[in-house]
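A.B. asks: Next one to model:
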Amino acid sequence: MVDKFPNDATVFLGSDNDIVLIGEAPANNGWRKSHKLWRDINGKVLPSGIVLQKLFDIIDRDIFETTFLESVKCYPLERKNLKTCSSNCKNIMLEQLKILNPKLIITLGEFPTRNLLNFKFNKFADVVGNIYEVNGYKILPIYHPSPISPKSYKNNVPIFEKMKELL
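C.D. replies: Numbering: from 1, shown residues only. Model prediction:
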């Protein structure tokens, strides 16, 4: 069972903190309304959750047992504000990571990756699938698991197959 803790801190504690997933921002049609990670208000697993679980099946893990937090702690009404929100929320996310002390952080998409990596990169594709050591954490950027992205599943599969060998 995944629990929300603490209120509005956008942390979902799983039974496994070895891997921590960091998403972009709270999904409007997801846990903000359902209060359940990866599920809509009817309890149905959201499309991004389905894609991510298929990827996690490769490494024999369950997304519902994996701790999840957001890079952005609020719900920005306009996507153009994500960069500013990420910057404003960075210290909160770093404090959460300090408490959780994961062995591996998987960033879901560009915003959480830019928020954690301590260097600038031009194209997100240049950093995806590589493991970076930052402040004692191993960070693995992947493409966001949203099915509207053509890279969400197909381009993440080789990353997870490689990860299975490492785990």
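A.B. asks: Can you tell me which helix or strand of this structure has the lowest average pLDDT?
C.D. replies: strand 3-4 (a mean of 38; mean pLDDT, DSSP states H and E).
A.B. asks: Tell me the buried residues in stretch 79-87?
C.D. replies: Neighbour-count burial for stretch 79-87, with 16 or more other Cβ atoms under 10 Å as criterion, is recorded at L82, C85, S86. Using the backbone N, CA and C atoms, a C-beta is placed for each residue, glycine as well.
A.B. asks: Please apply the same query to stretch 149-156.
C.D. replies: Going by 16+ other Cβ under 10 Å, stretch 149-156 has these buried residues: S149, S152, Y153, N156.
A.B. asks: Contacts for the longest strand anywhere in the chain, please.
C.D. replies: The longest strand of the chain (DSSP state E) is strand 16-23. Residues outside strand 16-23 that contact it (Cβ atoms under 8 Å, 6 or more residues apart in numbering) are 52, 61, 63, 65-71, 93, 97, 100-109, 112, 116.
A.B. asks: Narrow the residues you listed to those in helices?
C.D. replies: Applying DSSP state H to the contacts of strand 16-23, the entries found in helices are L52, M93, L97, L100, P112, L116.
A.B. asks: With distance to V127 as extra columns, can I get these in CSV?
C.D. replies: Conversion of the ones in helices among the contacts of strand 16-23 to CSV gives the following (distance: Cβ to Cβ, whole Å):
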residue, distance to V127
L52, 19
M93, 18
L97, 18
L100, 22
P112, 12
L116, 11
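A.B. asks: Closest to P76 out of the residues you listed?
C.D. replies: P112 (13.9 Å; Cβ to Cβ).
A.B. asks: Provide a list of residues in contact with the closest one.
C.D. replies: Neighbours of P112 in contact, by Cβ under 8 Å, 6+ apart: I22, G23, E24, E70, S71, S86.
A.B. asks: quick one: the strands in this protein?
C.D. replies: 3-4, 11-13, 16-23, 66-70, 104-108, 132-134, 137-142.
A.B. asks: worst average pLDDT in the ones you listed?
C.D. replies: Among the strands of the chain, strand 3-4 carries the lowest mean pLDDT, at a mean of 38.
A.B. asks: wait, K162 sits on G129?
C.D. replies: Yes: using Cβ atoms under 8 Å, K162 is in contact with G129, at 7.5 Å.
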